[in-house]
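In: build me a structure from this.
(chains A and B)
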Amino acid sequence: KAGVTQTPRYLIKTRGQQVTLSCSPISGHRSVSWYQQTPGQGLQFLFEYFSETQRNKGNFPGRFSGRQFSNSRSEMNVSTLELGDSALYLCASSYRGGNTGELFFGEGSRLTVL
Amino acid sequence: TQLLEQSPQFLSIQEGENLTVYCNSSSVFSSLQWYRQEPGEGPVLLVTVVTGGEVKKLKRLTFQFGDARKDSSLHITAAQPGDTGLYLCAETNAGGTSYGKLTFGQGTILTVHP
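Out: This is a model prediction of the structure:
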């Protein structure tokens, strides 16, 4: 079956702009999580959605937001971009988002902020 | 917040050599997962260990979970260039409010030279 699809794969923005990233989970998966990956901080959890509800949120400022649609597709938005937001943003899906279940990651969206 | 320490950060070896990567925590893991991430891709789950003292094998990879569930190791026998990648340990937080959230170690970058 098709894997997790993230778009766009690469994008360049300037400080102060906003960006929206999209994630289509594996068919049948209802949980979508988002992670930020940087060389300095590694992989850090942003938030998780299940059936259109945010169930869990990491320690990121309010500029980072997300949502999930009825078809389980998810978007995340970063407003007022800062240089430090340059990172690989990874989306992961799972059937239930359970704590010992497998997360299936997409290839990521690489954001560069100039 | 659970802190996971991985060592070494970098490992560069020749094909055919053996290696071990470590993942340690100051607290008890509820359960632990190992992922491998190749350049341009998202992490892929290798194994989940749950029980203290557990040993799992995946072809040339052997995963151990410490008796006290505060440490884990990944041993690769006769490494091959295809093993090159970033190896990540991640704790799957227990509890009803930890959906989709993994706490990752900083990772070990493994390079296997032909």
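In: hey, which helix or strand in chain B has the poorest pLDDT?
Out: Least confident helix or strand of chain B, by mean pLDDT, DSSP states H and E, is strand B:102-104 with a mean of 90.
In: after it, which helix or strand is next?
Out: Once the chain leaves strand B:102-104, the next helix or strand it forms, by DSSP states H and E, is strand B:108-113.
In: and stretch A:25-38, average pLDDT?
Out: The average pLDDT for stretch A:25-38 rounds to 94.
In: again, but for stretch B:11-21
Out: What stretch B:11-21 shows for mean pLDDT is 98.
In: cool, and stretch A:89-108?
Out: Stretch A:89-108 comes out at a mean pLDDT of 83.
In: for it, buried residues please.
Out: By neighbour count on 16 or more other Cβ atoms under 10 Å in any protein chain shown, the buried set for stretch A:89-108 is A:89-94, A:97, A:99, A:101-108. All C-beta atoms are positioned from the backbone trio N, CA, C, and that covers glycine.
In: give the other helices and strands that the least confident helix or strand of chain B contacts.
Out: Judged by 3 or more Cβ pairs under 8 Å, 6 or more residues apart in numbering or on different chains; DSSP states H and E, strand B:102-104 is in contact with strand A:42-50, strand B:85-92.
In: thinking again about what came up before, among the buried residues of stretch A:89-108, name the ones in helices.
Out: Assignment to helices by DSSP state H places none of those there.
In: can you redo the helices and strands packed on strand B:102-104 as JSON lines with mean pLDDT, mean neighbour count and distance to A:Asn71?
Out: Formatted as JSON lines, these follow (pLDDT from 0 to 100; neighbours: other Cβ atoms under 10 Å in any protein chain shown; distance: least, Cβ to Cβ, whole Å):
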{"stretch": "strand A:42-50", "mean pLDDT": "93", "mean neighbour count": "23", "distance to A:Asn71": "12"}
{"stretch": "strand B:85-92", "mean pLDDT": "93", "mean neighbour count": "24", "distance to A:Asn71": "26"}
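In: can you redo these as JSON lines with distance to B:Pro114?
Out: Formatted as JSON lines, the helices and strands packed on strand B:102-104 follow (distance: least, Cβ to Cβ, whole Å):
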{"stretch": "strand A:42-50", "distance to B:Pro114": "28"}
{"stretch": "strand B:85-92", "distance to B:Pro114": "15"}
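In: residue boundaries of the strands in chain A?
Out: In chain A, strands defined by DSSP state E lie at A:5-7, A:10-13, A:19-24, A:31-38, A:42-50, A:53-57, A:64-68, A:74-78, A:87-94, A:104-105, A:109-113, listed in chain order.
In: the fifth one near chain B anywhere?
Out: Yes - between strand A:42-50 and chain B, judged by Cβ under 8 Å from any Cβ of the partner chain, the touching residues are A:42-45, A:48, A:50.
In: and the contacts of that strand?
Out: A:30-38, A:54-60, A:64, A:66-68, A:74, A:76, A:89-90, A:96-97, B:43, B:88, B:90, B:99-107 (Cβ atoms under 8 Å, 6 or more residues apart in numbering or on different chains).
In: mind giving me the PyMOL select for those, buried ones only?
Out: In PyMOL syntax, the buried subset of the contacts of strand A:42-50 is picked out as below (16+ other Cβ under 10 Å):
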select buried, (chain A and resi 30+31+32+33+34+35+36+37+55+56+58+60+64+66+67+68+74+76+89+90+97) or (chain B and resi 43+88+90+99+100+101+102+103+104+105+106+107)
